[in-house]
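>>> here's my sequence, what's the structure:
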Amino acid sequence: MLRSVCRILPRCRTVLSSQTAQCRAFSDDNKRTGFGDIMIEYEPYQDDTEFSVPSYPTRINESEEALRARLTYQSRKRGIAENCLILSTFFSEQGPNLPRKIVDQFDILINTVDSDWDLYYWMTGKELPPPPYDNEVMKMLIEFTQNKEMKDRTQQPDL
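Now for the predicted structure:
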């Protein structure tokens with residue numbers, strides 16, 4: 001185990017200490033930590049690289065059919081499986097009958113949220129969505145996620 005920890009944290013110096021049962025920081029500068037009887041002293045990773053997320057491109061002259069086909073695909077291919085199930089079943093059941101305004105809100109929602117976990121927490125009601133995303137489609141998704149009819153939504157719908 002000692003070798004594997006050193007592979008995970010390169011440039012570390014291991015120090016054996018008395019047996020402990022939990023991970024904790026041992027210094028004010030948080031450069032030493034330990035788990036079990038293994039103590040690791042390390043330098044925190046520092047990177048000055050800044051990332052910018054490009055803005056979502058507005059699709060001009062996209063046909064209604066192409067838009068719905070794209071959203072059907074995008075709702076199935078999310079970062080986490082929970083969102084794949086929720087969004088794909090939602091759009092499969094309700095997407096064909098949604099007005100264009102709601103479909104556009106759905107498009108913006110699934111393509112501009114930075115974190116799939118944020119989206120998941122908003123849909124399940126664990127957290128409140130921020131103002132730009134607190135709209136009609138989010139309210140529909142929250143109600144859909146509550147699944148009051150107890151429908152089986154354990155698999156993505158067929159294409």
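
>>> going forward, measure contacts and count neighbours with C-alpha atoms only.
Noted.

>>> and Glu64, how far is that from Leu98?
Between Glu64 and Leu98 the distance is 11 Å, computed by C-alpha to C-alpha, to the nearest Å.

>>> ok, Ser75 next?
Distance from Ser75 to Leu98, counting by C-alpha to C-alpha: 15 Å.

>>> all helices of the protein, in order?
For the chain, the helices defined by DSSP state H cover 2-8, 64-76, 81-94, 100-112, 116-124, 136-146.

>>> coming back round to it: neighbour count winner among Ser75 and Leu98?
Between Ser75 and Leu98, counting by other C-alpha atoms under 10 Å, Ser75 is the more crowded of the two (24 against 14).

>>> show me what contacts the more buried one?
Contacts for Ser75 (C-alpha atoms under 8 Å, 6 or more residues apart in numbering) come out as 83-84, 87-88, 91, 110.

>>> how close does Glu82 sit to Glu62?
Note on Glu82: its distance to Glu62, by C-alpha to C-alpha, is 28 Å.

>>> look at the two and report which has more neighbours.
Neighbours per residue (other C-alpha under 10 Å) separate Glu82 from Glu62, with Glu82 holding more: 14 against 10.

>>> what separates Pro157 from Pro132, distance-wise?
Pro157 sits 29 Å away from Pro132, going by C-alpha to C-alpha.

>>> between these two, which one's more packed in?
Using other C-alpha under 10 Å as the criterion, Pro157 and Pro132 rank with Pro157 on top: 14 against 8.

>>> which residues does the more buried one contact?
Counting by C-alpha under 8 Å, 6+ apart, Pro157 touches 88-89, 92.

>>> so what's Arg78 scoring on pLDDT?
pLDDT for Arg78: 88.

>>> can you report how many residues lie near the closest residue to it other than its chain neighbours?
Of all residues beyond its chain neighbours, the one nearest Arg78 is Cys84 (5.4 Å), with distances taken as C-alpha to C-alpha, 6 or more residues apart in numbering. By other C-alpha under 10 Å, 19 other residues sit near Cys84.

>>> residues in contact with Cys84?
Applying C-alpha under 8 Å, 6+ apart to Cys84 gives the contacts 75-78, 156.

>>> what is the nearest of these to Asp116?
Arg78 (7.5 Å; C-alpha to C-alpha).

>>> report how many residues lie close to that closest one.
As a burial measure, Arg78 scores 17 neighbours (other C-alpha under 10 Å).

>>> and the two most separated of the contacts of Cys84?
Greatest spacing in the contacts of Cys84, by C-alpha to C-alpha: Arg78 and Gln156 (12.0 Å).
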